[in-house]
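Q: Got a sequence here, can you build the structure:
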Amino acid sequence: MSTTPEILVVDDEPALRLLLQEFFKRDFRVVPLKDGTETLQWLIKNELPTLAIIDLMMPGLSGLELIKTIRAKREWDELSIVVLSAKESSIDRVNALNAGADDFVVKPFNPEELRARINSVLRRARH
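A: Numbers count the residues shown, from 1 in each chain. Below you'll find the predicted structure:
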């Protein structure tokens, strides 16, 4: 098992997946995934990663549905989830947090703020 924490980047925009992969490659092993269905298939086949960054608006299985599915499975309950979405209304944030997200960051975003929020979520998860 690798000692480098692994994070999933779940977004249907290839450019954003690549940007986050580059930004986090020093600190994490980044697994880019294009949608909720691909993510569920990956989770079934692999060891649980440390954290998932999930977009809400994706074709097929939405980010909100993905979060609810993850939280419904006991073996995936330890997965930390940060939502990264262009949906910025208060109700979208409340729905994501109530579904089981640990934090919510609005696009466009400051990558350093995202890093700080991820580190904060991971600190809380260790306790």
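
Q: And for the nearest residue to Val106 once chain neighbours are set aside, the neighbour number?
A: Once flanking residues are discounted, Val106 sits nearest to Glu88: 4.5 Å by CB to CB, 6 or more residues apart in numbering. All C-beta spots, glycine's among them, are computed from the backbone N, C-alpha and C. The number of residues packed near Glu88 is 10, by other CB atoms under 10 Å.

Q: wait, Glu88 sits on Phe104?
A: No. Counting by CB atoms under 8 Å, Glu88 stays clear of Phe104, with 9.1 Å between them.

Q: Please, where are all the helices along this protein?
A: 14-24, 36-45, 63-72, 90-99, 111-126 (DSSP state H).

Q: Return the most buried member of these.
A: Among these, ranked by average contacts under mean count of other CB atoms under 10 Å, first place goes to helix 63-72 (a mean of 20).

Q: next one: it to chain centre, how far?
A: 11 Å (CA atoms, centre = their mean, to the nearest Å).

Q: how far off helix 90-99 does it point, in degrees?
A: Put simply, helix 63-72 runs at 20 degrees to helix 90-99, going by axes from the mean of the first three to the mean of the last three CA atoms, to 10 degrees.

Q: Which neighbouring elements make contact with helix 63-72?
A: Packing partners of helix 63-72 (3 or more CB pairs under 8 Å, 6 or more residues apart in numbering; DSSP states H and E): helix 36-45, strand 51-54, strand 80-85, helix 90-99.

Q: can I assume Leu8 is in contact with Ile53?
A: Yes. With contact defined as CB under 8 Å, Leu8 reaches Ile53; the gap is 6.9 Å.

Q: Since that was my last question, I'll sign off now.
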